[in-house]
Each structure stands twice: as C-alpha cells, then as structure tokens.
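Colleague: Below are the sequence and a predicted model; questions follow.
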Amino acid sequence: MNPSAGASFTAIALMMIVVGMGIPVTAALNAGLGTHIQSPVTASVILFAVGLVMTALVLAFVGLPSRGVFTGLSPWYYLAALGVVFYVLSVTWSAPKIGVGNAIFFVLLGQLVAAAIIDHFGLFGAVKSTLTMQRGIGLVVMAVGVYLAKKPV
C-alpha cells in the first residue's frame, strides 16, 4: 500500500469513495438520457463526446506526455477503452430495465471477482497481492453483502 507521488493512502481512498459514489449517479443520468431520447447508444455517444471534451481540457492544462513514452507500449493497454464502452453501453441499456441499484450491484460483484484475479496474478502490470484465505473470506463477505443489499424482500 505505497501511495505514489506523496499522496496519503487515506486521501486516495476518500477520493475513490467519491468516484465510486459517482458511478451510480452517472449510470442513472445516462440511463435517463437514453430512455428520454429512446436510444441508449446515442446517450452513450453523448457521454463520451462530453467526456472527450472535458478530458482534452484537462490534458491541455496538465500538458501532453513526451512522444517517447509510447515507444514499446503494448497494444493491449488500448483495450481499456473497449471495456469502458462495454460498461457504459451495458449500464445505459440495463439500468432502465432492472434499476440502477441492481445494475450497479451486479457490476460490483463482477468488479470483486475481476479485482481479486488481477491482483492475485499481477495482471496488466498491477501490483501483485496474493489471494489469501483472509482476503478470500473478505471478498465472499462483500459479495454476500452486495447480494443482501439488493435481495428482493
């Protein structure tokens, strides 16, 4: 748990909690847009267009990296964009059908499984963190908690 660039672990954790809170808000807003205009795909294109403009503005502020940093970069890293597109399209389409809460809770279950696998094997350059019995139990408890939070009464 080494925070980079001098940022404290607590500050990073708090930031990520806020980011996490934004995911269902974004899902609800984009699903609402998709329902209103009767096209989840168009709503997703709008989301990405606005996101591109905002990210470009931030990039203009912080500056471009040198061209040399892209030398030898594996093309696999660019597949992250496909993951984001699949996520946004899926949530924008499914949230109006099963509810934002259900859509996000199923996303959380998938994230728990994928995060454990990525960390355990150190995939994609991630810091390797072995899946111990304690971590496994913690993940199961989290998964059960997610299920119980959305279980029909």
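Modeller: Yep, that arrived. Numbers count the residues shown, from 1 in each chain.

Colleague: Now the longest helix seen in the chain: buried residues?
Modeller: For the chain, the longest helix by residue count, based on DSSP state H, is helix 9-36. Residues of helix 9-36 classed as buried by neighbour count (16 or more other CB atoms under 10 Å): 23-24, 26-31, 33-35. To be clear about C-beta, it is placed using only N, CA and C from the backbone, and glycine gets the same treatment.

Colleague: likewise stretch 145-153?
Modeller: In stretch 145-153, counting by 16+ other CB under 10 Å, buried: 146, 150.

Colleague: Which elements pack onto the longest helix of the chain?
Modeller: Using 3 or more CB pairs under 8 Å, 6 or more residues apart in numbering; DSSP states H and E as the contact test, the elements touching helix 9-36 are helix 40-62, helix 80-98, helix 100-121.

Colleague: right, so of those helices, which gets closest to Met16?
Modeller: Closest approach to Met16 among the helices and strands packed on helix 9-36 is made by helix 100-121 (12.2 Å; CB to CB).

Colleague: Can you name the residues in contact with the helix or strand following that closest one?
Modeller: Using DSSP states H and E, the helix or strand that follows helix 100-121 in sequence is helix 133-150. Helix 133-150 is contacted by residues 101-102, 105, 108-109, 112-113, 116, 129 when judged by CB atoms under 8 Å, 6 or more residues apart in numbering.
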